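**Student:** Quick one: sequence and predicted model below, then my questions.
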Amino acid sequence: MEQMKRLRADGQRNRERIVAVAAALVAKEGAQVSLEEIARKAGVGSATLHRHFPSRQALLEVVFRDGVAQLCERAAAQPGKAPAAELADWLEEVTVYTATHRGLAAALLAGPDGLSAEDICCTDMLLKVLKVLVARASSVGALQAGATAQDLMMLANAIAVANENDPVTARRVLRLALTGIRR
């Protein structure tokens, strides 16, 4: 992997602003949002955007990975919560993020510089966190015996895919799945 050149402070600010604006616009409008619109709302020129991100895929990859990394960091930043609540809250965040940003992964795979699913999936990063949360919940008897991190990841992903671009429904269905349908 090529090492990134060290950026001057203004260059780093521009890059961060571009990524933040891109993340907000992708969440709102989808992964096909105009690069010109991203540049304009970030307050930079098109050439500046392309200097930092030579292709749409390069920008979308950073947006996707940053979002997943933030989800993983938030899991570690919830001390004091009951393990079952900690697990449920984090699964909800992952499900809503995936439902809202599903087009992001598809756009990365569809582009001419498309990346392999392994390059963008971030599954390992998510599963590492989920395994810790599952172990905590299991240790206090708050999880059905035999439930695995992979099972819960599959559940969250299936709900997100079924409710693409509808995070409210994705959240509601996940909560229903986690609490069960019986009284």
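**Tutor:** Everything's here; your move. Nothing here was measured: the structure is a model prediction, and the numbers come from that model. Numbers count the residues shown, from 1 in each chain.
**Student:** Show me the chain divided up by domain.
**Tutor:** Domain assignment of the chain by automatic domain parsing yields the ranges 1-54, 56-179.
**Student:** For this structure, just list every one of the helices.
**Tutor:** Using DSSP state H, the helices found in the chain span residues 9-29, 35-42, 46-52, 56-76, 83-110, 117-120, 123-139, 149-162, 167-179.
**Student:** And Pro83, what's its pLDDT?
**Tutor:** Model confidence at Pro83, given as pLDDT, is 92.
**Student:** same check, this time on Glu29
**Tutor:** pLDDT, Glu29: 84.
**Student:** ok, so what distance separates it from Arg40?
**Tutor:** The gap separating Glu29 from Arg40 is 13 Å, by CB to CB, to the nearest Å. Every C-beta, even on glycine, is put in place using the N, C-alpha and C of the backbone.
**Student:** residue contacts, the residue most central in space within the chain?
**Tutor:** With distances taken as CA atoms, centre = their mean, the residue of the chain nearest its centroid is Val68 (3.7 Å). Neighbour list for Val68: Tyr97, Cys122, Met125, Leu126 [criterion: CB atoms under 8 Å, 6 or more residues apart in numbering].
**Student:** Try it again at 10 Å.
**Tutor:** Contact analysis of Val68 by CB atoms under 10 Å, 6 or more residues apart in numbering lists Val94, Tyr97, Thr98, His101, Ile120, Cys121, Cys122, Thr123, Met125, Leu126, Val129.
**Student:** and what of Ala24?
**Tutor:** Ala24 neighbours (CB under 10 Å, 6+ apart): Val33, Ile38, Lys41, Ala42, Val63.
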